[in-house]
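Trainee: Provide a 3D model corresponding to the input given below.
(chains A, B, C and D)
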There are 2 protein chains.
Amino acid sequence: MNGKATTIRTRLERGRSALGPALELVHTGRAPTRAVLTAELGVTRATAGAVAAELEALGLIQVDSRPGAAAGSQGRPSHRLAVNDSGPVVLAAQIHADGYRAALVGLGGRTVATAPGRKTVSADPAQVLGAVVDAGAQLLRDSGRRCVGAGLAVPSAVAEPEGTALNPLHLAWPAGSPVRDIFAEQVREAGIAGPAFAGNDVNLAALAEHRHGAGRGAQHLLCVATGHRGVGGALVVDGRLHTGSSGLALEVGHLTVNPDGRPCYCGGRGCLDVETDPLAFLTAAGLAPGPETSLLQQSRELLRGQYGDPAVRAACEELIDRLGLGLAGLVNILNPDRIVLGGLHRELLDADPERLRAVVADRSLWGRSGGVPILPCTLDHNSLVGAAELAWQPVLDDPLAALAASQGPA
Amino acid sequence: MNGKATTIRTRLERGRSALGPALELVHTGRAPTRAVLTAELGVTRATAGAVAAELEALGLIQVDSRPGAAAGSQGRPSHRLAVNDSGPVVLAAQIHADGYRAALVGLGGRTVATAPGRKTVSADPAQVLGAVVDAGAQLLRDSGRRCVGAGLAVPSAVAEPEGTALNPLHLAWPAGSPVRDIFAEQVREAGIAGPAFAGNDVNLAALAEHRHGAGRGAQHLLCVATGHRGVGGALVVDGRLHTGSSGLALEVGHLTVNPDGRPCYCGGRGCLDVETDPLAFLTAAGLAPGPETSLLQQSRELLRGQYGDPAVRAACEELIDRLGLGLAGLVNILNPDRIVLGGLHRELLDADPERLRAVVADRSLWGRSGGVPILPCTLDHNSLVGAAELAWQPVLDDPLAALAASQGPA
DNA sequence: TGAGTTTGTGCCGCACCTAAACAAACTACG
DNA sequence: CGTAGTTTGTTTAGGTGCGGCACAAACTCA
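Mentor: Numbering: from 1, shown residues only, chains lettered A, B, ... in the order given. Just a heads-up that it's a prediction; the model follows:
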């Protein structure tokens, strides 16, 4: 219905329409100078200069006019553009099986302040979210920075537009908890300005990797990752998360990757979810798995420290073959131009990159003619950075409106 | 790189930026009057009026100013907007296993003229494409209409941006044939104005169904269809085909839908491709399959005429279960808000819609909470109409530029 | 017949962008 | 060391699409 209206709204709404795209270019590091900005935006130097000046006036970017700031080859040296290191921030929060984490993140994905990870766990979402928001509020008070929004990463599918967590399996939360609204309420009560958002942690990790990590420049980025249990996926298309019609896309855990495999709770058997997660790895290696919240760490140490052990190596190769089959299936369906792996899958890739790439190429239909690059993720706390991206999005879409909205009502 | 430049180009390039969106609304029947156009575009009545006047001056739409043309409830009756029935057309061509087909298609997906289907088949793409273009050129001469582009549907994955047919299995063509360029060359030689495009037939059928058929209004439309052999898929997101990074997305044929199934040439076993196509159906029903180009017809007659036969019914239910499993897998990955089925899958749906919907709901993760609507396709020759959509796209994107381009060089 | 409602159009002005000329800051080279 | 060449940044003027507004038109309803 309003799909087309959205298309032309960039033109129709007043205010510099190039402001958002320009900020996004600086934010993602693709516009180091005004000259590059001019070329990337496809506008005249006059316009790019005006846009940069306005972004600087808004306190979002810095223009380094010192001579010699940028060493060009010839001609007048360009001034360096960068995000404002003392500009506004967003509150990023992450809930995981072990506890929670809060941070302040500036433009450019720069983590400004981090609260020490806490291990408080509770069956009441409001309690946990209240605690993480409190930690964030403390960071904000300490830093004195202006806040323009808040983002939350949870280990669960998040339905849109309701903002409910459908399967917070590793938390003891009830399925369908309205985490977005609870989080927004806690943010509001803490006196933190700006809108609040929530998303799946793997989705947000993918967004972060696309903008600041191993996924930079990819047009169709596929991310697959494990936590301690299960497998998550995400797709970033042209810089935006592809979350499907109701936020539930990329539930990749139940692709069949082993026809002879073990039964899965979904009703099938040999699903990616139960065949390639840390528990599967430890089982395949003949190890006794420890407590659930240490499965990933246990697997990681095994892979890095005892890869020489034949049992470990065999388990690794078995999981790589399964994972490769799953990735090949996703390649056939999604045709990404890059794949980034996280969690245990990242470890498997590091252990034997050639084997994984070979399996994917062999089992994907068009893999022989090129092959998709498969890379490990590169960001620390990428879900946290991705949660921040979620909160930054309104500012990137329309800086004037977003800043006014987070300032006006305050 | 230029992803963002594209975003703001709507604003930066001169000329009425609302022209394209407005034409698309009329084209897809979503703007029957200027008042609706005003609302859908989100502009003022003045602007919508000016846009409509310009589109009329370009000969693309008609404004029916006769009193009583539109019966409103109250107030001044609005004038009816419609595509110009005598306006420009595009040449649509389709190659299938049996032969080829050509047609002229106007805005609104209206087929203006059709050449009788020919059964000429050749191992030389240039020969077949030359024949279909000749048929189209004859139609153009007979009709005297202006042509603004040409689109081609082929039963093969089409790599982008090369425009090559990677697996024209049911034609005897060499893999990797540059069908787009051959087609464009033939179109040019025939003196037909405008650019030429080529795409996979299922993709184009999905595009047609989205704009003029069972997929209208869907935001994330998944189409799955069979020809005589194999299974194809397509996804339309926000009105645009999702073809992945190189045109090869939605190769859904090799999802595993039967762990105990027969081996597939892809290296797996129990693939959707070999478990749910007409050959699989006839085999399951215990029938002796006839010649390859009649498998679909044979299956269709069996399902419609002899559904009472226990063997037919059992085969139907078996295929429905397999198809449902495949669709559930796609639902988990793509999260569409509508599914449209074609070919044999459409017949299976018609035969027992409840069973298919139940299987999909049961085997998709979030199916219990709602369920995705599954509908049969509704357009005749939807691949042909979709090929026309491909050719219309530049006009919908920028009417002024597209019309000038197809006129100027002529 | 007049009030109310919805649709279509003419006019004005704003805001954003392009174009073009100019100024600034460097490199290259004789 | 100075001048030509190159690239970047800024200023000014001008064009243009679109919003806002007022008004006209064409119907329904009482």
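Trainee: need the contact list for the nearest residue to A:A123 once chain neighbours are set aside.
Mentor: In space, not counting the residues next to it along the chain, A:A123 is nearest to A:A172; the distance is 4.0 Å by C-beta to C-beta, 6 or more residues apart in numbering or on different chains. (C-beta placed from N, C-alpha, C; glycine too.) Listed by C-beta atoms under 8 Å, 6 or more residues apart in numbering or on different chains, the contact partners of A:A172 are A:V121, A:S122, A:A123.
Trainee: packing partners of the helix or strand containing A:A198?
Mentor: If you go by DSSP states H and E, A:A198 is part of strand A:196-200. Using 3 or more C-beta pairs under 8 Å, 6 or more residues apart in numbering or on different chains; DSSP states H and E as the contact definition, the elements that strand A:196-200 packs against are strand A:147-154, strand A:158-159, helix A:179-189, helix A:382-397.
Trainee: circling back: buried ones among the contacts of A:A172?
Mentor: Among these, those scoring as buried are A:V121 (criterion: 16 or more other C-beta atoms under 10 Å in any protein chain shown).
Trainee: closest to DNA strand C among the contacts of A:A172?
Mentor: A:S122 (47.6 Å; C-beta to the nearest atom of the strand).
Trainee: looks like the closest one contacts A:L129 (just checking).
Mentor: No - taking C-beta atoms under 8 Å as the definition, A:S122 is not a contact partner of A:L129, at 9.7 Å.
Trainee: now the stretch 51-200 of chain A, which segments are flagged as low pLDDT?
Mentor: Within the stretch 51-200 of chain A, the set of residues satisfying pLDDT under 70 comprises A:67-72.
Trainee: could you grab the helix/strand/coil label for whichever residue of the stretch 151-300 of chain A sits closest to chain B?
Mentor: When distances are taken as C-beta to the nearest C-beta, the stretch 151-300 of chain A approaches chain B most closely through A:G244, which lies 2.5 Å from it. Per DSSP: H, G, I helix; E, B strand; the rest coil, the secondary structure class of A:G244 is coil.
Trainee: what's the local residue count around A:G194?
Mentor: Per other C-beta atoms under 10 Å in any protein chain shown, the neighbour tally for A:G194 reads 26.
Trainee: mind checking the SS state of it?
Mentor: Using three-state DSSP, the secondary structure recorded for A:G194 is coil.
Trainee: state the distance from it to A:L356.
Mentor: A:G194 sits at a distance of 41 Å from A:L356 (criterion: C-beta to C-beta, to the nearest Å).
Trainee: for the residue nearest to A:A249 when sequence neighbours are not counted, give me its contacts.
Mentor: The spatial neighbour of A:A249 that comes closest, neighbours along the chain excluded (C-beta to C-beta, 6+ apart), is B:N335 at 3.8 Å. With contact set as C-beta under 8 Å, 6+ apart, B:N335 has these partners: A:T243, A:G244, A:S245, A:S246, A:G247, A:L248, A:A249, A:L250, A:E251, B:H220.
Trainee: let's go with 10 Å and repeat that
Mentor: Under the criterion of C-beta atoms under 10 Å, 6 or more residues apart in numbering or on different chains, the neighbours of B:N335 are A:157, A:159-160, A:242-251, B:220, B:222, B:364-366, B:372.
Trainee: strands of chain A, residue ranges please.
Mentor: Taking DSSP state E as the criterion, chain A contains strands spanning A:61-64, A:80-83, A:89-96, A:99-105, A:111-114, A:147-154, A:158-159, A:164-165, A:196-200, A:220-226, A:231-237, A:240-241, A:338-342, A:374-376.
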